[in-house]
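Trainee: Sequence and predicted model, in that order:
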Amino acid sequence: MSFDLTGKVAVVTGGSRGIGRSVVETFIRQGAAVRYCHAGDAARAADLDGAMSEVGGDCRGRECDVSDETAVQAFFDAVRDEFPFVDILVNCAGIGGDQPFGTITVADWDRMIGVHLRGTFLATRQVFDGMVARGYGRIINFSSQLAYKGGPHLAHYCAAKAGIVGFTRALSYEGAPHGVLVNAIAPGPVETELLMALSDGWRSMKKAQLPIGRFGQPGEIAPAVLLLASEAGSYFVGQTLSPNGGDVML
Ligand code: NAP
């Protein structure tokens, strides 16, 4: 069974830093052409594009707010201008922020659900029918171990991430008969800017809960994404893999 992605076209949302960047780098190393989007940090994207180009990779980022239907349409139109089809979609874009429930405004709620759940829906609908028609596709959605476990001051985040598990399971019924495998990843706490933006108290509490006694690194999550994206993952359907340091044991 192969982890090789030579000849594959992959789209990664939220690919400019953190876990998404590690996924982009991994896919490039495995031979895929990668197009990714980010929320607006063009310097970081240019740095990644340059680094990937130096190793001979076909990689380009573009700004696109995944919660904005028009922007998502434009992003995928640009991908379709270059490639006749997309083989792999990784819905990784995300935002964090811990807030006691009473301080979560309707705008906060809509933003959290918008980026994670609506964003996953909007990007997926850009590729799903084409994958079904072609009889091949891999879609990997980013949930979190907090979808199962919950966590204080993260009601909006946990709701969005639990929704992504349900979305993944439901869509896998429609995709799998046509060779389109839809799965998810539910990482534990990983040392990225998203985690560092949470309060010191929250992070200390979380680290104390981890059997492995430390936070993860982005490079410890990307291999699970590669498994689901490659031929090696050909029998995974509707699953949520959990590289999580033992935070949740399923
Ligand atoms: P991160 O380091 O903060 O990176 C977030 C990425 O998403 C960046 O590329 C950012 O672009 C992009 N992004 C943010 N909002 C966006 C939007 N509206 N539209 C498009 N792109 C957007 O985050 P991370 O920790 O790697 O998290 C990646 C995924 O894993 C998220 O879905 C997160 O919820 C999930 N996750 C993370 C952890 C963790 O502990 N880190 C644990 C479980 C699950 P810019 O650079 O332009 O801002």
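Mentor: Cool, got the structure.

Trainee: residues near residue 65, how many?
Mentor: 19 (other C-beta atoms under 10 Å). Placement of C-beta: from N, CA and C, glycine included.

Trainee: And it, how close does it get to residue 123?
Mentor: 11 Å (C-beta to C-beta, to the nearest Å).

Trainee: any common contacting residues for the two?
Mentor: Listed as contacting both residue 65 and residue 123 by C-beta atoms under 8 Å, 6 or more residues apart in numbering are residue 72.

Trainee: Quick one: name the residues of this structure near the ligand.
Mentor: Within reach of the ligand by C-beta under 6 Å from any ligand atom, the chain has these residues: 13-20, 37-41, 44, 64-67, 92-95, 115, 142, 144, 187, 189-190, 192-195.

Trainee: Show me how far the lowest-mean-pLDDT helix or strand in the chain is from its chain's centre.
Mentor: Using mean pLDDT, DSSP states H and E, helix 200-209 stands out as the lowest-scoring helix or strand of the chain, at a mean of 93. Relative to its chain's centre, helix 200-209 lies at 23 Å (C-alpha atoms, centre = their mean, to the nearest Å).

Trainee: contact partners of it?
Mentor: 98, 151-153, 189, 195-196, 213-215, 247.

Trainee: picking that back up, ChimeraX command for the buried members of the residues of the chain next to the ligand?
Mentor: A single ChimeraX command is used to select the members of these judged buried by 16 or more other C-beta atoms under 10 Å:
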select :13,14,15,16,17,18,19,20,37,38,39,64,65,66,67,92,93,94,95,115,142,144,187,189,190,192,194,195
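
Trainee: Could you pick out the longest helix of this protein?
Mentor: Ordering each helix of the chain by length in residues (DSSP state H) puts helix 155-175 first.

Trainee: mind listing what's buried in that helix?
Mentor: Result for helix 155-175 [16+ other C-beta under 10 Å]: buried residues 155-165, 167-169, 171-172, 175.

Trainee: by contact count, what packs against that helix?
Mentor: Packing contacts for helix 155-175, counted by 3 or more C-beta pairs under 8 Å, 6 or more residues apart in numbering; DSSP states H and E, involve helix 106-113, helix 119-134, strand 137-142, helix 146-149, strand 180-185.

Trainee: Let me know the outermost residue of this protein.
Mentor: In the chain, the residue that sits farthest from the middle, by C-alpha atoms, centre = their mean, is residue 102; the gap is 28.5 Å.

Trainee: wait, is that one part of a helix?
Mentor: Yes. Applying DSSP: H, G, I helix; E, B strand; the rest coil, one finds residue 102 inside a helix.

Trainee: Closest to the centroid, which residue in this protein?
Mentor: By C-alpha atoms, centre = their mean, the chain has its centre lying nearest to residue 92, at 1.9 Å.

Trainee: need the contact list for it.
Mentor: By C-beta under 8 Å, 6+ apart, the contact list for residue 92 reads 12-15, 19-20, 23, 142.
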